[in-house]
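Participant: Predicted model follows, preceded by the sequence.
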Amino acid sequence: MKKLLILISLLLVSWTPLIATDALSPKGQWKTIDDKTGNNKSIVEIWIDNGELKGKVIELINPEEPNQKCDDCKGDRKGQPIVGMQFIWGLTEEDGIWDGGEILDPDNGKIYRGKISVSEDGQKLNVRGYIGFALLGRTQVWERVSEG
């Protein structure tokens, strides 16, 4: 019996870093919040594909019009529905910060450099869009959507 308790204890200790790492991952669903108005805007899905952080819009919250399209977007995204649109791509992780990729703002069709980090408790996502230097930009704080 003592050996079984030791084995269970070792398994729990070895799983703890995995659980903590997952909570600090940007993967999952997030509620975006407009940094200017404070209003909830959308629910987005973020995932990691071959070391690259990506994200797409899965739902608009109280949209001004149904089936909104990205009329100001350029290229293949022009006129495409915002729901389902990939708007984050190319970010890679270094020391817990995802950087080096791009973020599209579907409201104005502009593409910004992006920097993303997860809060210490894993419940907030700091999303910074900038042009040129990270100092010249703005940050939104998104909230993790609870599973279930």
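Facilitator: Good, I have the coordinates.

Participant: burial count for residue 62?
Facilitator: Neighbour count for residue 62, taken as other C-beta atoms under 10 Å: 8. Yep, even glycine has a C-beta here, placed from its N, CA and C like the rest.

Participant: switch to numbering from 736
Facilitator: All set: I'll call the first residue 736, so the last point we hit is now residue 797.

Participant: quick check, it in a helix?
Facilitator: No: assigned with DSSP: H, G, I helix; E, B strand; the rest coil, residue 797 falls outside any helix and is coil.

Participant: Which of the residues in stretch 818-828 are classified as buried?
Facilitator: Neighbour counts over stretch 818-828 (16 or more other C-beta atoms under 10 Å) mark 818, 820, 822-824, 826, 828 as buried.

Participant: Please identify which of those is nearest to residue 877.
Facilitator: residue 823 (11.3 Å; C-beta to C-beta).

Participant: Filter the buried residues of stretch 818-828 down to just the ones in strands.
Facilitator: Cross-referencing the buried residues of stretch 818-828 against strands under DSSP state E gives 822-824, 826, 828.
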